[in-house]
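Asker: how would this look folded up:
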Amino acid sequence: MTTVYDFTVKKTDGSEQSLKDYEGKPLLIVNTASKCGLTDQFKELQEIYEKYKDKEFVILGFPCGQFNNQEFDNIEETTEFCQLNYGVTFPMYGKIDVNGKNEDPLFSYLKSAKGGLLSKDIKWNFTKFLIDKNGQVVERYAPTTKPSKIEKDITKQL
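Answerer: Model (predicted):
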């Protein structure tokens, strides 16, 4: 059976990281964008990360510019923006595509595990996937679902 731990992702420096490094930890995987109307969600994501990181909970951010090109071209600008404006300390990864022929394999898996309301495609920035300690997708949340609204689901996975 496939789990998120079977995937390797690109870090911001271009090197690869196996998600096996997070084995046994609940995760929230989010496609992010720095210049989006929903960008203020970084604040709540960081607050939740701070609150539960000592309980092995991790948020993984994946910048994406597929929706109105609302992400910086340069990943250094993205990480600097997130750190300076929202104090982001949870792991951020290299810029990816979440839909289409160049979509990241991790997001292909996430979408196949939990489709959206009308289709499997990701509709916008800040779509969130909650992953249990076994690497299985528990839930998918719409871009407009504020992180604070899913905190109770996160605590069930701790």
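Asker: switch to C-alpha atoms for all contacts and neighbour counts from now on
Answerer: Noted.
Asker: so how far is the worst-scoring helix or strand of the chain on mean pLDDT from its chain's centroid?
Answerer: Lowest by mean pLDDT, DSSP states H and E among the helices and strands of the chain is helix 75-86, with a mean of 92. How far helix 75-86 lies from its chain's middle: 15 Å, per Cα atoms, centre = their mean, to the nearest Å.
Asker: so which elements touch that helix?
Answerer: In terms of contacts (3 or more Cα pairs under 8 Å, 6 or more residues apart in numbering; DSSP states H and E), helix 75-86 is packed against helix 41-52.
Asker: what's the first helix or strand after the helix it packs on?
Answerer: For helix 41-52, the following helix or strand on the C-terminal side (DSSP states H and E) is strand 58-63.
Asker: only C-alpha atoms, please: export the least confident helix or strand of the chain in PDB.
Answerer: Provided in PDB are the C-alpha atoms of helix 75-86 (Å, rounded to 0.1, in the frame of the first residue of the first chain):
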ATOM      1  CA  ILE A  75      12.300  30.200  -4.000                       C
ATOM      2  CA  GLU A  76      14.600  32.300  -1.900                       C
ATOM      3  CA  GLU A  77      12.100  35.200  -2.200                       C
ATOM      4  CA  THR A  78       9.300  32.800  -1.200                       C
ATOM      5  CA  THR A  79      11.100  31.500   1.900                       C
ATOM      6  CA  GLU A  80      12.200  35.000   2.900                       C
ATOM      7  CA  PHE A  81       8.700  36.400   2.500                       C
ATOM      8  CA  CYS A  82       7.200  33.600   4.600                       C
ATOM      9  CA  GLN A  83       9.700  34.000   7.400                       C
ATOM     10  CA  LEU A  84       9.700  37.800   7.500                       C
ATOM     11  CA  ASN A  85       5.900  38.300   7.200                       C
ATOM     12  CA  TYR A  86       4.600  35.300   9.000                       C
END
